[in-house]
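Trainee: After the sequence you'll find the predicted model.
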Amino acid sequence: MATIDYYQNMSSYHTPVLLEESVALLDIKSNGTYADLTFGGGGHTRRILEDLGEGGALYSFDQDRDTLANAPDDENFHFVESNFRFLRSALRLRGVTEVDGILADLGVSSHHFDAKERGFSFRGDAPLDMRMNQRGGRTAADIVNNYSEEELAQIFSQYGELDTTWKIAACIARARATEEIKTTAQLVKAVTPCTPKKDEAKFLTKLFQALRIEVNGEMEALKMALEQALKVLKPGGRLVVISYHSLEDRLVKNFMRSGNFDGKVEKDFFGRATTPFEIITRKPIIPSDEELEANPRSRSAKLRAAIKL
């Protein structure tokens with residue numbers, strides 16, 4: 001099914017990544033209960049719904065109200081307008097205490113990058129926003145203009161994995177001392193003195209990634225969602241996660257391996273390993289050449305899956 005025509009005909013909002021591979025790993029029961037933590041364009045949701053029948057239910061999470069426009073007309077579909085960090089409580093509010101499987105595609109949708117006014121892309125000029133939930137919370141402009149140089153350097157290092165982050169922070173501090181940085185173009189201009197000419201696009205991608213992660217609290221949200229996934233999955237239930245950068249992948253890999261984020265496997269009194277999951281994917285699944293040709297934005301995707309013991 002994963003042909004170029006198939007991928008090209010998907011919603012222009014967002015092309016789902018590793019679609020067939022991820023849904024296959026859920027091993028869907030027609031009457032099962034599932035959660036899609038990242039509804040977005042609805043690609044994975046629609047594919048899951050194809051395999052659900054009478055008695056089945058799918059709860060699809062998204063904090064971005066814009067995604068409601070992509071909601072399918074299906075009696076098994078339930079939209080949850082919430083950040084997935086509230087997975088357990090949101091399900092409980094709907095009378096659900098256990099699920100058979102959880103899917104999370106951690107990538108930012110193409111819609112957010114292409115909607116210039118949201119400020120996710122360094123291309124063009126737009127308000128420096130980057131909020132997934134536009135109803136509140138700090139913006140990227142708030143961070144750029146109010147964080148200390150030390151705080152900026154830390155997030156660029158931790159979330160962008162950039163080098164010489166103190167230089168980047170200093171460039172921003174000098175620019176904002178003259179004029180408040182309100183737009184993406186102003187930020188790009190501010191860091192121009194410390195932007196490598198050879199890898200300009202890569203540098204700016206990492207810089208904007210770091211700010212986006214900080215704005216939306218993405219690492220904290222992922223940790224909370226993984227911990228809650230373990231609590232709401234039935235024994236034998238499956239956790240399937242697609243990550244896009246090393247920070248996410250490391251958290252997912254360690255959690256599936258050990259049930260914690262350090263990756264340290266605990267042992268019982270007899271020295272036997274005690275792990276909450278059986279890992280299905282010993283190595284992460286990555287997009288095929290065919291998918292990469294049809295959807296270049298999938299190039300960094302890594303898919304991991306595990307079964308709750």
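Mentor: Cool, the structure landed.
Trainee: From now on I want contacts and neighbour counts done on CA atoms only, so please keep to that.
Mentor: Fine.
Trainee: What segments of the stretch 1-150 of the chain are strands?
Mentor: Using DSSP state E, counting those that start in this stretch, the strands of the stretch 1-150 of the chain run over residues 33-36, 57-61, 77-80, 99-105.
Trainee: Within the sheet, what are the partner strands of the third one, with directions?
Mentor: Put plainly, it is strand 77-80. Each strand that strand 77-80 pairs with, and the sense of that pairing, follows from DSSP bridges: strand 57-61 (parallel).
Trainee: ok, now which ones touch the nearest residue to N83 once chain neighbours are set aside?
Mentor: In space, not counting the residues next to it along the chain, N83 is nearest to Q63; the distance is 4.9 Å by C-alpha to C-alpha, 6 or more residues apart in numbering. Under the criterion of C-alpha atoms under 8 Å, 6 or more residues apart in numbering, the contact partners of Q63 comprise E81, S82, N83, F84, M132, N133.
Trainee: Pull out the buried residues from the helix of greatest length in the chain.
Mentor: Under DSSP state H, the helix in the chain containing the largest number of residues is helix 200-216. With burial defined by 16 or more other C-alpha atoms under 10 Å, the residues of helix 200-216 counted as buried are 203-216.
Trainee: In TSV, list the residues you listed along with pLDDT.
Mentor: Conversion of those to TSV gives the following (pLDDT from 0 to 100):
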residue	pLDDT
F203	97
L204	96
T205	94
K206	95
L207	97
F208	95
Q209	95
A210	97
L211	97
R212	95
I213	96
E214	97
V215	96
N216	93
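Trainee: if we can go back for a sec, filter the contacts of Q63 down to the buried ones.
Mentor: Taking 16+ other C-alpha under 10 Å as the criterion, what is buried in the contacts of Q63 is E81, S82, N83, F84, M132.
Trainee: residues contacting the first one?
Mentor: Just to be clear, that refers to E81. When the contact criterion is C-alpha under 8 Å, 6+ apart, the partners of E81 are F61, D62, Q63, D64, R65.
Trainee: Okay, the first one and S300: tell me how far apart.
Mentor: It refers to F61. F61 sits 23 Å away from S300 when distances are taken as C-alpha to C-alpha, to the nearest Å.
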